[in-house]
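1. A structural model of the following input is requested.
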Amino acid sequence: MTGVQARVEVVSGEDALETDWMVYNFICSHAHCTIYEISKHLNCSISKVIQSVRRLVDANMVRMEEEVVGGGITEVIVPVKWTEYFTEDELKEIKAMKASSTSDSVHTHRG
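-> Okay, the predicted model is just below:
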């Protein structure tokens, strides 16, 4: 065989879960980072990070966005905010429950 063959790491099972957790934590604390930046900071191969990010995107934990950087378009990864898992009505209900529990705790703690 001639030419260059890319080495592709396939991660599965417990290793994949550990990698995903490590990548997810990095993305949460470094939003708008690139695959390359994650790979560099976590000392993981780019293919391992790509696989992990794909699993996290499929699980709706992160998403890819395009940003203009230095005049070019770059794909960055951002964590999904907890509020994005709910509809507007559900968020209103959560706020109402929070307000209700706050007023209840004020009334019950009075001596």
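2. OK, contacts around residue 78?
-> 27, 31, 32, 62, 63, 65 (Cβ atoms under 8 Å, 6 or more residues apart in numbering). All C-beta spots, glycine's among them, are computed from the backbone N, C-alpha and C.
3. what about it, which helix or strand?
-> strand 72-79 (DSSP states H and E).
4. list the buried ones in that strand?
-> 76, 77, 78, 79 (16 or more other Cβ atoms under 10 Å).
5. Bridged to the third one, which residues?
-> Judged by DSSP bridges, the bridge partners of residue 78 are residue 63.
6. Give me the pLDDT value at it.
-> Per-residue pLDDT puts residue 78 at 95.
7. coming back round to it: where's the dip in pLDDT among the contacts of residue 78?
-> Lowest confidence among those: residue 31, with 89.
8. Quick one: residues contacting that residue.
-> Contact analysis of residue 31 by Cβ under 8 Å, 6+ apart lists 77, 78, 79.
9. ok, now how distant is it from residue 91?
-> Distance, residue 31 to residue 91, using Cβ to Cβ, to the nearest Å: 21 Å.
10. And for residue 27?
-> Residue 27 is 23 Å from residue 91, by Cβ to Cβ.
11. same deal with residue 28?
-> 21 Å.
12. now do residue 85
-> Separation of residue 85 from residue 91 (Cβ to Cβ): 10 Å.
13. same check, this time on residue 39
-> 35 Å.
14. where do the strands sit along the chain?
-> 62-69, 72-79 (DSSP state E).
15. Give me the buried positions along the first one.
-> So that's strand 62-69. Neighbour-count burial for strand 62-69 [16+ other Cβ under 10 Å]: residue 62.
16. re the thing from before, go through the strands of the chain and name the closest to residue 43.
-> strand 72-79 (17.5 Å; Cβ to Cβ).
17. centre of the chain versus that closest one, how much separation?
-> 12 Å (Cα atoms, centre = their mean, to the nearest Å).
18. could you check the angle strand 62-69 makes with that strand?
-> Strand 72-79 and strand 62-69 are oriented at 150 degrees to each other (axes from the mean of the first three to the mean of the last three Cα atoms, to 10 degrees).
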